[in-house]
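*Asks:* coordinates for the following, if possible.
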Amino acid sequence: MIELRHLRTLLALRETGSLVEAAERVHLTQSALSHQLKDLESRVDSPLFMRKTRPVEFTRAGLRLLALADQILPEVRKAERDLARMAGTEMGRLHMAIECHSCFQWLMPTVDYFRDHWPEVEIDIPSGHHFDPLPALAREQLDLVITADPQPIEGVHYAPLFRYEGLLAVARQHPLASQGFVTPEALADETLITYPVEQSRLDVFSQFLTPANVRPREIRTAELTIMMMQLVASGRGVCALPNWALSEYLERDYVSAVKLGEQGVWSTLYAAVREETLEAPWMQDFLRTAQETSFAVLNGIKPATRDAESIA
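*Replies:* Numbers count the residues shown, from 1 in each chain. Model prediction:
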């Protein structure tokens, strides 16, 4: 009567708080998700949540099924992992590079969890490498690259992890702090603080400034997010960062954040892997763990779209 897909849908509804975002999480249309929930309610002969509430308020029946989901789904995941390990015939290697300065917030919990469940897989994150990660992935120097800038390389597959919005961080007293969004022209008189990477690989340039043919008055770089925030808070410049990277500073009221353009600037973060290792049980488990951990610890991210899933 109750299927695993029902339990996963209820968990997504609890975690996201809305039907729209829950549908994105489980890769269904909102109509299909509503139909699935109504079917489940008819099976248990009871409503599971209160309509038109946000966040969603669950009924006693809904809470009981959520408790069941919390109990059963981790055991199902554990059994799936154990079966995958039994089916594996060789040890793996997972050497990765990160083209994302603010990704350690979710990547480290992912690696720690994965290491505990796949001790036979050799994990390493080389530092100070002096090569382009994606070509190095194709040459088998690396096994996985976290990137928001997929390049067409033969034999490399890009598995979408999640979508995120880039926001402009400004000092609380900055004139832009009171705006609902900023235009590219508004940054022409600003000092833009960025990570020390090529401008073409930064969303604020590739998706916002360059198409409008606008350049900031000055560009300066900083290695660490906290250094960027200190500069922004003291009025030394502005910077564009993923929404999840700014969340802790916004919660502390350290800086303010403004949307980049009326529609916002959204990007997709990918895990690039070689096609030959994509179907390895340990690689599939790492990708799944990375997605689950991201949604558990990051604020403001969304599931990747179907268009993003088609990139290879």
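*Asks:* and the longest strand seen in the chain, what's its mean pLDDT?
*Replies:* The strand that spans the most residues within the chain, counting by DSSP state E, is strand 156-170. Averaged across strand 156-170, pLDDT comes to 94.
*Asks:* swap in stretch 106-123?
*Replies:* 87.
*Asks:* A strand includes Val214, no?
*Replies:* No - applying DSSP: H, G, I helix; E, B strand; the rest coil, one finds Val214 to be coil, outside a strand.
*Asks:* could I get the full set of strands for this structure?
*Replies:* Ranges of strands within the chain are 49-50, 57-58, 93-98, 122-124, 144-147, 156-170, 181-182, 191-194, 218-221, 238-242, 256-260, 265-274, based on DSSP E.
*Asks:* ok now the first one, how far from the chain's centre?
*Replies:* Distance of strand 49-50 from its chain centroid, counting by C-alpha atoms, centre = their mean, to the nearest Å, is 28 Å.
*Asks:* begin at 11 from now on, thanks
*Replies:* That works, and once the first residue is 11, the last one we named lands at strand 59-60.
*Asks:* contact partners of that strand?
*Replies:* Contact partners of strand 59-60, identified using C-beta atoms under 8 Å, 6 or more residues apart in numbering, comprise 23, 47, 66-69, 72. Every C-beta, even on glycine, is put in place using the N, C-alpha and C of the backbone.
*Asks:* quick one: strands adjacent to that strand?
*Replies:* In the sheet, strand 59-60 lines up against strand 67-68 (antiparallel) (DSSP bridges).
*Asks:* quick check: PyMOL command selecting the buried ones in the contacts of strand 59-60.
*Replies:* Buried subset of the contacts of strand 59-60, written as a PyMOL selection, criterion 16 or more other C-beta atoms under 10 Å:
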select buried, resi 23+47+66+68+72
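*Asks:* quick check: the farthest pair among the contacts of strand 59-60?
*Replies:* Of all pairs drawn from these, the one with the longest distance (C-beta to C-beta) is Leu47 and Glu67, at 14.1 Å.
*Asks:* related to what we said a few turns ago, nearest to Gln115, out of the strands of the chain?
*Replies:* Closest approach to Gln115 among these is made by strand 248-252 (9.7 Å; C-beta to C-beta).
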